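Asks: Sequence and predicted structure below; questions after.
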Amino acid sequence: MGKIACANVLSDLYAMGVTEVDNMLMLLSVTTKFNDKERDLVMPRMIQGFKDCAQEAGSTVNGGQTVFNPWLIIGGVATSVCSNKEFISPDNAMVSDVLVLTKPLGTQVAVNAHQWLDNPDKWNKIKLVVSEEDVRKAYLRAMSSMTRLNRIAAQLMHKYNAHAATDVTGFGLLCMTQKTKACDIGGSMCIIFVH
């Protein structure tokens, strides 16, 4: 969970072509529902995962905040000081630009389906179209994808002179094209090929 949270924080910078991260803060909410043993087992692993991911990105965690509340939450802030040439704005899309996805879509679907394995009412609704084995495989792929950094993709945006860039995340593909204004250029139509 810590590694996923850190990769997600960093993805906001990478999605704009920023390749170097100057500083990171970790925001942590320790659930009051944990007993001492659970807290001592889970929290150090989450913190270490976050720190390991920051180190992989060439950065360090230099502060943050920890609070207690009913929910277990981990997140953070990543900052980078850069010039206008070092980031790519989401609103510079041009006619004939190619849409490049650096990670597969459907992560949330894979996570939901995995959770539904333990909920007979929900599992019964999907078990006719997907096997338990496929759900478990998709879940493992989703976890791997969520911990993978997009730093190389950010570097490649500069190498190949990307005009616009953004992240899909929870907004979905259609909203992402609207964020980049890719479908607003001279009334042109946005075509997305899926393989």
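Replies: All right, it came through fine. Predicted model, so just to flag it, every value in this text is computed and none were measured.
Asks: Need the residues that contact the longest helix that the chain contains.
Replies: Ranked by number of residues, the top helix in the chain under DSSP state H is helix 36-56. Contact partners of helix 36-56, identified using Cβ atoms under 8 Å, 6 or more residues apart in numbering, comprise 1-7, 10, 21, 24, 26, 28, 30, 34, 60-61, 72, 74, 76, 147, 149. (Glycine included, C-beta is placed from N, CA and C.)
Asks: which residues in this protein form helices?
Replies: 2-14, 36-56, 107-116, 120-126, 132-147, 151-159, 172-179.
Asks: Please tabulate those helices in TSV, including the columns distance to residue 84.
Replies: TSV is the format used below for the helices of the chain (distance: least, Cβ to Cβ, whole Å):
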stretch	distance to residue 84
helix 2-14	15
helix 36-56	26
helix 107-116	32
helix 120-126	47
helix 132-147	30
helix 151-159	13
helix 172-179	19
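Asks: any idea which of those helices is most buried?
Replies: Highest mean neighbour count among the helices of the chain (mean count of other Cβ atoms under 10 Å): helix 2-14, with a mean of 22.
Asks: can I get the CA coordinates of it in CSV?
Replies: The C-alpha atoms that make up helix 2-14 are tabulated as CSV, following Å, rounded to 0.1, in the frame of the first residue of the first chain:
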residue,chain,number,x,y,z
GLY,A,2,2.9,2.4,0.7
LYS,A,3,4.5,1.7,-2.6
ILE,A,4,1.2,2.2,-4.5
ALA,A,5,0.6,5.5,-2.7
CYS,A,6,4.0,6.8,-3.5
ALA,A,7,3.9,5.8,-7.1
ASN,A,8,0.5,7.5,-7.4
VAL,A,9,1.8,10.7,-5.9
LEU,A,10,4.8,10.7,-8.3
SER,A,11,2.5,9.9,-11.3
ASP,A,12,1.1,13.4,-11.1
LEU,A,13,4.5,14.9,-11.9
TYR,A,14,5.5,12.2,-14.4
